[in-house]
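In: Turn this into a structure:
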Amino acid sequence: MTTTDRISWIATKYGGYTGHVGTLEPWLFQIWRCGDCSGEWSLMASLPGQPAGDHFSGDETGELKQRAEDMLSDLAASLGASFPEAEGRWSALRTAVTADRAIYDDEANDHSDMSGDAHRDLAERCWGAVAECDRLLKLMDEMEAGR
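Out: Numbering: from 1, shown residues only. The predicted structure is shown next:
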């Protein structure tokens, strides 16, 4: 499963994707490769106000996933709702993780220069925490990019 800003995309057995929103069980979006061998992908939405059978085509699934995000935002806006910008979604967490990473990195460097098993063990735990911070930052980057 991959997630764009507000849609969870689940790969299907035929090579396409279904897009799910919130806790709703049925899919609201579907992406599939066109059967005419053109190589294009198609997006169909099951949203209020969307004409039945209407679909959009594109060369890449990423652009269709973004189109689905835009359609969902338009629907929410028509109901008076709004979504925060994706960058703001992660800014507080990114700031905290980046600050923690810097602290662990400093501690690891300080203790790796000291002798003794206790310092070496502490440095290794700090390096592990740095790696975990890096993993979280990478995950946030991927989620923002819609991967």
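
In: C-alpha from now on. contacts and neighbour counts both.
Out: Fine.

In: got the domain boundaries for the chain?
Out: Following automatic domain parsing, the chain resolves into domains at 2-78, 86-144.

In: Turn these into CSV, including mean pLDDT.
Out: As requested, those are exported to CSV (pLDDT from 0 to 100):
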stretch, mean pLDDT
domain 2-78, 83
domain 86-144, 84
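
In: counting contacts, what elements does the helix or strand hosting Arg101 pack onto?
Out: Under the criterion of DSSP states H and E, Arg101 resides in helix 86-112. Under the contact definition 3 or more C-alpha pairs under 8 Å, 6 or more residues apart in numbering; DSSP states H and E, helix 86-112 sits against helix 117-144.

In: now the helix it packs on and helix 86-112, what's the angle there?
Out: Per axes from the mean of the first three to the mean of the last three C-alpha atoms, to 10 degrees, the angle that helix 117-144 makes with helix 86-112 is 160 degrees.

In: in helix 117-144, what counts as buried?
Out: Neighbour-count burial for helix 117-144 flags 119-120, 122-124, 126-127, 129-130, 133, 136-137, 140, 143-144 (criterion: 16 or more other C-alpha atoms under 10 Å).

In: Please apply the same query to stretch 40-57.
Out: Within stretch 40-57, the residues scored as buried using 16+ other C-alpha under 10 Å are 41-45, 57.

In: Using PDB, write out every CA atom in it.
Out: Below are the C-alpha coordinates for stretch 40-57, written out as PDB (Å, rounded to 0.1, in the frame of the first residue of the first chain):
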ATOM      1  CA  GLU A  40      -1.700   4.800 -20.900                       C
ATOM      2  CA  TRP A  41      -3.300   4.600 -17.500                       C
ATOM      3  CA  SER A  42      -6.900   5.500 -16.600                       C
ATOM      4  CA  LEU A  43      -8.400   7.000 -13.500                       C
ATOM      5  CA  MET A  44     -12.000   6.600 -12.500                       C
ATOM      6  CA  ALA A  45     -13.500   8.300  -9.500                       C
ATOM      7  CA  SER A  46     -16.600   7.300  -7.500                       C
ATOM      8  CA  LEU A  47     -17.400  10.700  -6.000                       C
ATOM      9  CA  PRO A  48     -20.600  12.700  -5.600                       C
ATOM     10  CA  GLY A  49     -21.000  14.900  -8.600                       C
ATOM     11  CA  GLN A  50     -18.600  12.800 -10.800                       C
ATOM     12  CA  PRO A  51     -20.400  11.600 -14.000                       C
ATOM     13  CA  ALA A  52     -20.700   7.800 -14.100                       C
ATOM     14  CA  GLY A  53     -18.200   6.200 -16.400                       C
ATOM     15  CA  ASP A  54     -16.100   9.400 -16.700                       C
ATOM     16  CA  HIS A  55     -12.400   8.800 -16.500                       C
ATOM     17  CA  PHE A  56      -9.100  10.500 -17.000                       C
ATOM     18  CA  SER A  57      -6.000   9.200 -18.800                       C
END
